[in-house]
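Asker: Provided below for reference: sequence and predicted model.
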Amino acid sequence: MSFSKHIWSWCTCFCLLLGGRLQAQIPTPSSVLGHTPGDDFYLANYEEAVKYFHVLAASSDRMKMFTVGKSTQGRDIEVAVISSPENLARLDEYKKIARQLATADGLNDEQARKLAHDSKVIVHIDGGLHSSEVAGGLVERHCLAIAQRLPALVVLSLVRARRGDPGVEELLDEAMRLAQPTGELQRIGRVAAACAEVAWYRDDTASAAEHARIGLRAAVGKHDTWMVGELAFWGRRADPTLELPTDIAEPYALMIAGQWEAAAEAWQALGMPYERALALADGSEDALRESLGIIEQLGAGPLGVIVRRRLRERGVRGVPRGPRPSTRVNPAGLTSREVQVLTLLVRGHTNTELAGRLHVSTRTVDHHVSSILEKLDVRSRTEAVAAAFGLGIVKPGA
């Protein structure tokens, strides 16, 4: 479901809660955004979504907006709280109780029960899309303007490259063809940085350095410290003699200076796990192990290969090999055996029948089924079957 549709469903529920008396006072999404969420070729961006939430909050005493921090792009991260005016008036009190119950520090059972009784349940709802979902859809639409198509090409190519998926070169080739004639840093810089990163994964240092130079030439006089920092980082990785500008964003400057620990902390504060793993990959054995843990959670295959190699070069034994190729290409990370079990589940076999067909114990089948449900994030075999078709793991007629 798109973010726009999440907004629509959320606001619809909100209107129902307020009742008919106030319903006419609440602005519709189309009256503020100029579109109805779910319209073809329309996806509300972050600024539009926040704008609509602020209009809603201004129209009712049952909603408040709060800024809770900054995104990695420097935007305000905002939260909308919807409840009765009485509950909103005591929101700080309820948040305090929620923190107490979450940590349970110094609480006995009786105190915890009393706090739970005196508090309110807070339900967190959000909506979003993985960048590759949006980018993939945009890339398929060849009629898009450069301003729309170019960022989609870069995002999708980086996602594929960091996962170790095929189809990266053609995306970056097209992106560079579109970017270079513009002469604009925001276009050339992003593509050049992506090309340099991909080349570094493949140990093609000459190509990585050349693309970094292309981006840095476009950055002269532009004072974009983050773009310059990313280009400088990949450029210096490929060529230690590369001359660098001085206006580099701090996390990248720390990484270039070899201060991997401080850089990792900076990326952690920004909420950027991949970049944190990249910084930790230059550190001690413990740092490398932490980096590998992050990488495995993210499914970042190429960087994982590099970190495992560094661990082995240090004489570390028992370094995990990483997922098998059959697991990496599977949308839910299922093993070949789990796909086999799921296929038989689709055909309606019971666990006992599965055990007989696979020549394993029922307990082993139970373990496979539990693992499948967890990886698919579903609660029942029926939901697992639906997910199998939805993700394309099992094809109709299989």
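Answerer: Nice, thanks for sending it over.

Asker: what helix or strand does residue 294 sit in?
Answerer: helix 285-298 (DSSP states H and E).

Asker: list the buried ones in the helix or strand just after that helix?
Answerer: Following helix 285-298 in sequence order, the next helix or strand is helix 301-313 (DSSP H and E). Buried residues in helix 301-313, counting neighbours by 16 or more other Cβ atoms under 10 Å, are found at 301, 302, 303, 304, 306, 307, 308, 310, 311. Every C-beta, even on glycine, is put in place using the N, C-alpha and C of the backbone.

Asker: got the domain boundaries for this protein?
Answerer: Annotated domains of the chain cover 3-118, 130-248, 257-317, 335-390 [automatic domain parsing].

Asker: still on that earlier bit, and the helix holding residue 294, what's buried?
Answerer: By neighbour count on 16+ other Cβ under 10 Å, the buried set for helix 285-298 is 287, 288, 290, 291, 292, 294, 295, 296.

Asker: Mind putting the domains of the chain into a markdown table with mean pLDDT and distance to residue 124?
Answerer: Shown next, in a markdown table, are those (pLDDT from 0 to 100; distance: least, Cβ to Cβ, whole Å):
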| stretch | mean pLDDT | distance to residue 124 |
| --- | --- | --- |
| domain 3-118 | 76 | 9 |
| domain 130-248 | 84 | 19 |
| domain 257-317 | 91 | 17 |
| domain 335-390 | 81 | 16 |
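
Asker: ok, residue 49 - how many residues close by?
Answerer: 20 (other Cβ atoms under 10 Å).

Asker: same for the helix or strand where it lies, what does it pack against?
Answerer: Residue 49 is part of helix 46-58, with elements assigned from DSSP H and E. Judged by 3 or more Cβ pairs under 8 Å, 6 or more residues apart in numbering; DSSP states H and E, the packing partners of helix 46-58 are helix 3-18, helix 29-33, strand 63-70, strand 76-82.

Asker: now the angle from it to strand 63-70?
Answerer: Put simply, helix 46-58 runs at 140 degrees to strand 63-70, going by axes from the mean of the first three to the mean of the last three Cα atoms, to 10 degrees.

Asker: buried set for helix 46-58?
Answerer: 48, 49, 50, 52, 53, 56, 57.

Asker: quick one: which of the residues you listed is nearest to residue 384?
Answerer: Sorting the buried residues of helix 46-58 by how near they are to residue 384, with Cβ to Cβ, puts residue 49 at the top with 32.4 Å.

Asker: what distance separates the start and the end of stretch 32-39?
Answerer: This stretch, stretch 32-39, spans 15 Å end to end (Cα to Cα, to the nearest Å).

Asker: Buried residues in that stretch, which are they?
Answerer: Those would be 33, 35, 37, for stretch 32-39 by 16+ other Cβ under 10 Å.

Asker: just stretch 378-394 next, same as before
Answerer: Neighbour counts using 16+ other Cβ under 10 Å place 378, 381, 384, 385, 387, 388, 393, 394 of stretch 378-394 among the buried residues.

Asker: Give me the subset of those lying in helices.
Answerer: Residues of these located in helices (DSSP state H): 381, 384, 385, 387, 388.

Asker: Quick check: the gap between the third one and residue 341.
Answerer: Look at residue 385 and residue 341: by Cβ to Cβ, to the nearest Å, they are 12 Å apart.

Asker: ditto for the second one
Answerer: With the distance defined as Cβ to Cβ, residue 384 ends up 10 Å from residue 341.

Asker: and for those two, which residues touch both?
Answerer: Common neighbours of residue 384 and residue 341, using Cβ atoms under 8 Å, 6 or more residues apart in numbering, are 369, 372.

Asker: Now do the helices in the stretch 201-350 of the chain.
Answerer: For the stretch 201-350 of the chain, helices defined by DSSP state H, counting those that start in this stretch occupy the ranges 205-219, 225-238, 250-256, 260-270, 273-280, 285-298, 301-313, 325-328, 336-346.

Asker: which residues does residue 206 contact?
Answerer: By Cβ under 8 Å, 6+ apart, the contact list for residue 206 reads residue 238.

Asker: no, scratch that, I was asking about residue 194
Answerer: Contacts of residue 194 (Cβ under 8 Å, 6+ apart): 154, 157, 158, 161, 172, 175.

Asker: hang on, the third one packs against residue 197?
Answerer: The reference is to residue 158. Yes - the pair residue 158 and residue 197 passes the contact test of Cβ atoms under 8 Å, sitting 7.1 Å apart.
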